[in-house]
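Trainee: coords please:
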Amino acid sequence: MNEINQQNKEIVWGFWQRLNHVSAENLPATLQGAIHPNIAWHGPHPINTISGVDDLVHDFWQPIRHAFPDLKRTCDVFIGGESENDNWVTATGYFTGTFLNDWLGIPATRQKTYIRFGQFCVMHEGKISESYLILDLLAVMRQAGFQVLPPSRGAEGGRVPPPRTNDGVKLMEQDEMESRRTLQLVMAMIDGMRRFDGENLASMEQEHYWHPQFRWYGPCGIGTSRSLSEYQAFHQGPWLHAFPDRGTSLVDSGRRMGFVAEGMYAAGGIWDWSYATHTGEYLGLPPTGVPITIRDFDWWRREGDLLVENWIPIDLIDIFRQLGVDLFARMRDVAAW
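Mentor: The predicted structure follows:
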């Protein structure tokens with residue numbers, strides 16, 4: 001499995017490096033060389049699902065390259081592994097480019113723009129057969145001058161940093177024992193979250209898994225927490241107030257990425273997964289009683305016996321869509337003022 005994982009990472013890494021330099025004319029051929037013809041591609045709302053490499057070229061890559069002609073991808077974390085009976089390659093980082101033409105209705109700024117991404121790819125016979133991509137479109141709106149949610153509780157502004165150790169891109173094979181330790185710690189932390197008693201955050205005993213000064217890098221709308229106490233105050237507490245039954249659904253829906261680990265890093269995710277009921281106020285929205293699915297990814301870094309950094313994109317635009325709020329319409333309303 002390590003040999004297969006290394007081969008898959010080499011394929012995806014090389015493909016992404018070629019995309020950073022390919023001309024518009026050669027873009028379709030480059031994509032067709034690395035992507036399965038019948039790829040099942042899933043992106044953030046309002047892009048959502050695309051089937052087949054030809055439609056992927058037409059509906060995603062050509063529009064984003066038209067908007068950002070000098071688009072480049074930089075990975076902050078890049079790992080792979082086997083989970084849920086599939087071979088995955090996964091990464092988080094940024095697309096960067098000059099915003100020259102409107103994109104998804106967001107007005108072009110003609111300025112350098114940072115698009116935070118998180119992606120999971122399924123590899124089959126040397127090609128990407130499935131892809132799940134979250135882009136922080138709220139942050140793109142914010143860079144264009146539009147704030148469609150209340151100010152974040154956490155710190156926000158500028159780029160989310162890469163790992164403080166600058167070693168998140170794992171192109172070489174990693175120590176299997178360290179990988180197991182990382183995965184075991186992540187799974188123990190998640191088991192702790194399942195012990196929430198519905199009232200007291202301390203019931204999850206998260207201090208056993210997180211460094212007191214760990215960094216939690218949430219999406220635009222939530223922001224960054226710089227300690228366990230900030231994380232509980234800025235994200236975990238408000239989230240559980242809004243979605244107290246999170247993760248208790250017995251209905252399997254959507255896609256599980258499961259969990260992979262390499263060395264001191266691990267990743268996991270779910271896509272359109274039946275998740276929780278909106279029964280409390282969240283980011284200014286009163287409770288609706290609506291059950292939601294969620295698109296949510298995590299990348300973790302371990303030091304010793306504790307987790308010290310966590311990157312987590314969430315498709316908040318899709319969540320608000322399910323709750324009856326169109327955040328793109330809010331942006332258009334602001335633009336019309």
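
Trainee: number of residues surrounding Asp167?
Mentor: Neighbour count of Asp167, defined by other CB atoms under 10 Å: 13. (Each C-beta comes from the backbone N, C-alpha and C, glycine too.)

Trainee: ramachandran angles for the nearest residue to Gly284 once chain neighbours are set aside?
Mentor: Excluding its sequence neighbours, the residue lying closest to Gly284 (CB to CB, 6 or more residues apart in numbering) is Pro150, at 4.6 Å. Note on Pro150: its backbone torsions stand at phi -60, psi 160 [degrees, to the nearest 10].

Trainee: wait, doesn't Pro150 sit right on Leu285?
Mentor: No. Judged on CB atoms under 8 Å, Pro150 makes no contact with Leu285 at a distance of 9.5 Å.

Trainee: ok, those two, which is more surrounded?
Mentor: Taking other CB under 10 Å, Pro150 and Leu285 do not tie; Leu285 has more neighbours (17 against 10).

Trainee: where does that one land on pLDDT?
Mentor: We have a pLDDT of 97 for Leu285.

Trainee: beta partners of it?
Mentor: On the basis of DSSP bridges, Leu285 takes part in beta bridges with Tyr282.

Trainee: distance of it relative to Phe320?
Mentor: Distance from Leu285 to Phe320, counting by CB to CB, to the nearest Å: 7 Å.

Trainee: which residues of the protein fall in helices?
Mentor: In order along the chain, the chain carries the following helices (DSSP state H): 2-19, 27-34, 53-56, 62-67, 137-143, 176-193, 228-231, 237-242, 316-322, 327-336.

Trainee: dump those into CSV; add distance to Pro291 as well.
Mentor: Shown next, in CSV, are these (distance: least, CB to CB, whole Å):
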stretch, distance to Pro291
helix 2-19, 34
helix 27-34, 36
helix 53-56, 30
helix 62-67, 32
helix 137-143, 23
helix 176-193, 20
helix 228-231, 25
helix 237-242, 13
helix 316-322, 8
helix 327-336, 20
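
Trainee: can you list the low-confidence ranges for this structure?
Mentor: Low-confidence segments of the chain (pLDDT under 70): 1, 248-252.

Trainee: where do the domain boundaries of it fall?
Mentor: Domains of the chain are assigned by automatic domain parsing as 2-143, 176-336.

Trainee: which one of those domains lies closest to Asn166?
Mentor: Closest to Asn166 of the domains of the chain, according to CB to CB: domain 2-143, at 9.0 Å.

Trainee: centre of the chain to the closest one, how far?
Mentor: Taking the mean of its C-alpha atoms, domain 2-143 sits 12 Å from the chain's own mean (CA atoms, centre = their mean, to the nearest Å).

Trainee: the strands in the stretch 1-150 of the chain, which residues?
Mentor: Here the stretch 1-150 of the chain has its strands, by DSSP state E, counting those that start in this stretch, at 35-42, 49-51, 72-83, 86-98, 112-124, 127-135.

Trainee: same thing with the stretch 151-300 of the chain?
Mentor: Along the stretch 151-300 of the chain, the stretches classed as strands by DSSP E, counting those that start in this stretch are 210-217, 224-225, 255-262, 265-277, 291-303.

Trainee: the ones you listed: which one's closest to Gly145?
Mentor: Across those, closest to Gly145 is strand 224-225 (CB to CB), at 21.1 Å.

Trainee: other residues contacting that closest one?
Mentor: Residues external to strand 224-225 that are found in contact with it (CB atoms under 8 Å, 6 or more residues apart in numbering): 154-156, 160, 215-218, 231, 233-235.

Trainee: not counting its neighbours along the chain, what's nearest Asp70?
Mentor: Nearest residue to Asp70 in three dimensions, chain neighbours excluded: Gly97, at 5.1 Å (CB to CB, 6+ apart).

Trainee: and the one you found, how many neighbours?
Mentor: For Gly97, the count of nearby residues is 19 (other CB under 10 Å).

Trainee: may I have the beta-bridge partners of the nearest residue to Val186 once chain neighbours are set aside?
Mentor: Nearest residue to Val186, sequence neighbours excluded (CB to CB, 6+ apart): Ala266, at 4.8 Å. Bridge pairing for Ala266 (DSSP bridges) gives the partners Ala261, Trp300.

Trainee: what's the spacing between Ala266 and His124?
Mentor: Using CB to CB, we find Ala266 at a distance of 23 Å from His124.
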